[in-house]
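A.B. asks: Here is the input, now give the coordinates:
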Amino acid sequence: MTARAVVRDAVSDAVQDAAHGDPRVAALVAHFETVASGAMRDMAVVNRALRVEAIGFAPKAGEAGARGAWLGVLITPWSMNLLWLPGATQDSAPCPRPGGKACLRVGNVDFEWIGAHAQDVGAYACCSLFSPMFEFAGQESAAATARAVLAQLRGAEGGGQGDGKGDTSAVAPRASRRAFLLRPGAFGSAA
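C.D. replies: Coordinates of the predicted model:
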């Protein structure tokens, strides 16, 4: 089996895994795979040790169900972004227009999001975590970092599950994304 076939199979598995949740995640992976093999293929910012992968997409805390907002990390060979797929419920925050900005709180951290749109995905917003991606030696270290970021954020959200204690985000201290992600011990040994 060639290296290209291994990568193709891994991408196919990632698309299938993502499809078990929100179908927009599978469409997002497929869209960025097309970008990776097309427009970004020969760009100097591409880390050739990496591939497109969706990590940890799940309903955003407080928006459970298929129609709620979804949150996860998308790894590409040129960037790692926190991605927000807006919900279709009245309580969901609206997604910013493509190129527009919006503030959305995840846990106790306010993030600035940039709106985007892709065919078969629809509207989504992203928040850059890393770009370019040369500090990652391979897919495993990038994926471990993505999982650690999500664990920290979901821990700040109360684990993504209702804890019966009510919404405490209104009284939580405000922190910058950089301070949250770079605080000592944020990633343990995963980074």
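
A.B. asks: quick one, phi psi at M43?
C.D. replies: phi -80, psi 140 (degrees, to the nearest 10).

A.B. asks: residues in contact with it?
C.D. replies: W78 (Cβ atoms under 8 Å, 6 or more residues apart in numbering). (C-beta placed from N, C-alpha, C; glycine too.)

A.B. asks: Please apply the same query to the one 4 residues further on.
C.D. replies: Listed by Cβ under 8 Å, 6+ apart, the contact partners of N47 are 77-78, 132-134, 136.

A.B. asks: can you redo the residues you listed as a markdown table with secondary structure, pLDDT and neighbour count?
C.D. replies: Shown next, in a markdown table, are the contacts of N47 (DSSP: H, G, I helix; E, B strand; the rest coil; pLDDT from 0 to 100; neighbours: other Cβ atoms under 10 Å):
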| residue | secondary structure | pLDDT | neighbour count |
| --- | --- | --- | --- |
| P77 | coil | 97 | 23 |
| W78 | coil | 97 | 20 |
| P132 | coil | 95 | 15 |
| M133 | coil | 96 | 19 |
| F134 | coil | 96 | 13 |
| F136 | coil | 97 | 21 |
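
A.B. asks: Among these, find me the one that's closest to G155.
C.D. replies: Nearest to G155 among the contacts of N47, counting by Cβ to Cβ, is F136 at 22.9 Å.

A.B. asks: number of nearby residues for the closest residue to I75 other than its chain neighbours?
C.D. replies: The shortest distance from I75 to any non-neighbouring residue, by Cβ to Cβ, 6 or more residues apart in numbering, is to E53 (4.6 Å). Residues lying near E53 (other Cβ atoms under 10 Å) number 24.

A.B. asks: next one: A151
C.D. replies: Neighbours around A151, by other Cβ under 10 Å: 16.

A.B. asks: three-state assignment of it?
C.D. replies: The local conformation at A151, judged by DSSP: H, G, I helix; E, B strand; the rest coil, is helix.

A.B. asks: How much space separates it from A123?
C.D. replies: Distance, A151 to A123, using Cβ to Cβ, to the nearest Å: 26 Å.

A.B. asks: can you check N108 too?
C.D. replies: N108 is 25 Å from A123, by Cβ to Cβ.

A.B. asks: For R24, give me phi and psi.
C.D. replies: According to degrees, to the nearest 10, R24 has phi -70, psi -30.

A.B. asks: Was I right to think it contacts L74?
C.D. replies: No - using Cβ atoms under 8 Å, R24 makes no contact with L74, being 11.5 Å away.
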